[in-house]
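**Q** My questions are about this predicted structure, shown below with the sequence.
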Amino acid sequence: MHTNGVLFAQENVFASIDSAPAPEGLQIGDLNPCRALSSRPELDLQINGEPATQSPKTLNVDQPIHIAALHSGVRQALLLYSLKEREAPLATLNESAADFLPPRVGPYAVVAVSQNQQDACSVLQAQFQVTANPDFDFDVSPTLEVRLDDFRHLAQAHIPEAWRESTGRGILIALIDSGLNYLHPNLKHALAWNNSELSMDGQDSDGNGLIDDALGYDFVNDDPFAFDDSGHGSHLAGLMAGSGFGVAQEAKIIPIKAMSSFGGDLGTLVAALYYAAEKRARIINLSLGALNFSQAPIFQEAVDFAEARGILIVTASGNGDPASGLGFSIDEIPVYPASFTNSNVLTVAAADFDNPLSPYSNFGKESVDLTAPGGLFQDQLRSTASAADVGEFSYLYGTSQAAALVTGSAALLLAKYPDLKPAEISLRLMNSGELRPELESVIKSSRELNALSALLVAIPSTSGLVPARIPFSIPQH
């Protein structure tokens, strides 16, 4: 879950599409152990008759996928992987072509190996995304029963006590992510339907330039079905508003798909931001980020547009250095959107069940406002699953999850105090929780989220906490 790409969700493990020599002794399927020789077979890979490219293809879950290795060797193998369950390949085939019907949506990879007469091997790897656009189901299914004891983060952030004060009724949250599982019984109640487009008649009934956007929009595939084929967005949606365990169970979520399992692009993200602002969301959750957007004026302009409309943007500080797995200071190495200095941007780091700052979480005395439960690899947060997962609930960890809990807490605040401005929401959340000395040098507020305290605390006008960011210089390397 540590990546500097746009989405803090999947690692690009099988990113290369150039063939490479196989390691000495590698043995796959019925191939002989590979030898490290200078002369190796030529190898190319096709998916559905087209060359594999650096950008992963998006394919439909209902259609068989034809995979073919074009090679000059005498022996070959194909390995098919689900990147959601990457411990072992789904299939190992000693042939150069195969038809593959994915078992479910999600990210996949294929590895092709060609071996020549001298046992030298070439290896080539490529990824593809499998997606689906299931029809909307307007019937509200019975929700799945849950036990609050299975959601330890709730007690850590004092959320059950906060429900006596607010449940988030009437607050619209825009979730800009990988979409959500709009068929999940514990999310159906939270869906923000666009009544003007419910007929799904192929027309732009509300005049916003998008056809049939009855429930958000998929800017990745340019269609009105923001269905989650990754699992990231569905997990966050449950943390925010899932029936029985979400922070703000009476809030509504508009899903805006700007990412796949392999990330997204800046244009798609910016379009999603403007869409969220035009939909009058009170809060936008951006549990995503990248290192290379500092010189992107269109991103800054979109955040400015949301600020002018009084919309709070909750961002994740990021999940650290992919190489070391350790968090770093985003004061020194900015990550966007977390490092934007707008007064409506609230940035959240992750705590775990034993520490107010998780080892993988990015931090920053000037750039990160507070921490919230994000879990650890060995102690992850439970929430709603997508169709890419097995089962109705899944487990993830990270600053994305921490940001989602703060988003839900902000919805509780707005439902109780509807006139609060983004900076005032930030100030209340930053004053919640006890001061933690170990956070004093790394988090602006030195506090971890306490949802109950945020609803009850009196904020003096002379508070020393300033929700607007203090500009910092970018170090020259």
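**A** Good, I have the coordinates.

**Q** pLDDT value on residue 238, please?
**A** pLDDT for residue 238: 98.

**Q** for residue 467, same thing?
**A** Per-residue confidence at residue 467 stands at 38 (pLDDT).

**Q** would you list every one of the strands in the stretch 351-477 of the chain?
**A** Taking DSSP state E, counting those that start in this stretch as the criterion, the stretch 351-477 of the chain carries its strands at 370-373, 381-384, 393-396.

**Q** Out of those strands, the one nearest residue 256 is which?
**A** Each of those was scored for nearness to residue 256 using CB to CB, and the closest is strand 381-384 (17.3 Å). Glycine gets a C-beta too; all of them are placed from N, C-alpha and C.

**Q** Select, out of the strands of the stretch 351-477 of the chain, the one closest to residue 32.
**A** strand 393-396 (40.1 Å).

**Q** List the buried residues for the closest one?
**A** For strand 393-396, the neighbour count (16 or more other CB atoms under 10 Å) marks 393-396 as buried.

**Q** what's the answer for stretch 417-425, then?
**A** Within stretch 417-425, the residues scored as buried using 16+ other CB under 10 Å are 420, 422-423, 425.

**Q** In terms of secondary structure, what does the host helix or strand of residue 79 contact?
**A** Per DSSP states H and E: residue 79 is located in strand 75-82. Contact here means 3 or more CB pairs under 8 Å, 6 or more residues apart in numbering; DSSP states H and E; on that basis strand 75-82 packs against strand 65-71, strand 91-93, strand 97-100, strand 106-115.

**Q** Test my guess that residue 350 contacts residue 402.
**A** Yes: using CB atoms under 8 Å, residue 350 is in contact with residue 402, at 4.2 Å.

**Q** shared neighbours of those two, which are they?
**A** Common neighbours of residue 350 and residue 402, counting by CB atoms under 8 Å, 6 or more residues apart in numbering, are 361, 371-374.

**Q** Need the max-distance pair from these.
**A** Those two in these that are separated most widely, counting by CB to CB, are 361 and 373, at 11.1 Å.

**Q** what touches both of those two?
**A** Residues touching both residue 361 and residue 373 (CB under 8 Å, 6+ apart) are 350-351, 402.

**Q** Could you export those to JSON lines, including columns for distance to residue 116, neighbour count and pLDDT?
**A** Below are these laid out as JSON lines (distance: CB to CB, whole Å; neighbours: other CB atoms under 10 Å; pLDDT from 0 to 100):
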{"residue": "350", "distance to residue 116": "49", "neighbour count": "35", "pLDDT": "98"}
{"residue": "351", "distance to residue 116": "54", "neighbour count": "30", "pLDDT": "97"}
{"residue": "402", "distance to residue 116": "51", "neighbour count": "33", "pLDDT": "98"}
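
**Q** any idea which of these is closest to residue 242?
**A** Nearest to residue 242 among the shared contacts of residue 361 and residue 373, counting by CB to CB, is residue 402 at 16.1 Å.

**Q** before we move on, back to that, which stretch among the strands of the stretch 351-477 of the chain comes nearest residue 43?
**A** strand 393-396 (35.3 Å).

**Q** one step back: and the strand holding residue 79 with strand 106-115, angle?
**A** 170 degrees (axes from the mean of the first three to the mean of the last three CA atoms, to 10 degrees).

**Q** could you dump strand 75-82 to CSV, C-alpha only?
**A** Taking C-alpha atoms only, strand 75-82 is exported to CSV below (Å, rounded to 0.1, in the frame of the first residue of the first chain):
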residue,chain,number,x,y,z
ARG,A,75,9.4,-23.7,-24.8
GLN,A,76,7.0,-21.2,-23.2
ALA,A,77,4.8,-20.6,-20.2
LEU,A,78,2.1,-18.1,-19.2
LEU,A,79,1.4,-17.2,-15.5
LEU,A,80,-1.8,-15.4,-14.6
TYR,A,81,-2.0,-13.4,-11.4
SER,A,82,-4.7,-11.5,-9.5
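
**Q** Return the distance of that strand from the chain's centre.
**A** Computed by CA atoms, centre = their mean, to the nearest Å, the chain-centroid distance of strand 75-82 equals 28 Å.

**Q** what sits up against that strand?
**A** Defining contact as CB under 8 Å, 6+ apart, one finds that strand 75-82 is touched by 14, 28-32, 67, 69, 89-98, 100, 102-103, 106-115.

**Q** at 7 Å what do you get?
**A** Residues outside strand 75-82 that contact it (CB atoms under 7 Å, 6 or more residues apart in numbering) are 28-29, 31, 67, 69, 89-96, 98, 100, 106, 108-115.

**Q** Give the buried subset of these as a PyMOL selection command.
**A** A single PyMOL command is used to select the members of these judged buried by 16+ other CB under 10 Å:
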select buried, resi 28+31+67+69+89+90+93+96+98+100+106+108+109+110+111+112+113+114+115
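
**Q** where are the low-confidence patches of the stretch 251-400 of the chain?
**A** Scanning the stretch 251-400 of the chain for pLDDT under 70 picks out the ranges 292-295.

**Q** What segments of it are helices?
**A** All helices of the stretch 251-400 of the chain, identified by DSSP state H, counting those that start in this stretch, fall at 266-278, 297-308, 399-416.

**Q** In stretch 49-63, which of the residues would be classed as buried?
**A** The neighbour-count check on stretch 49-63 (16+ other CB under 10 Å) flags 52, 56-57, 59, 61 as buried.
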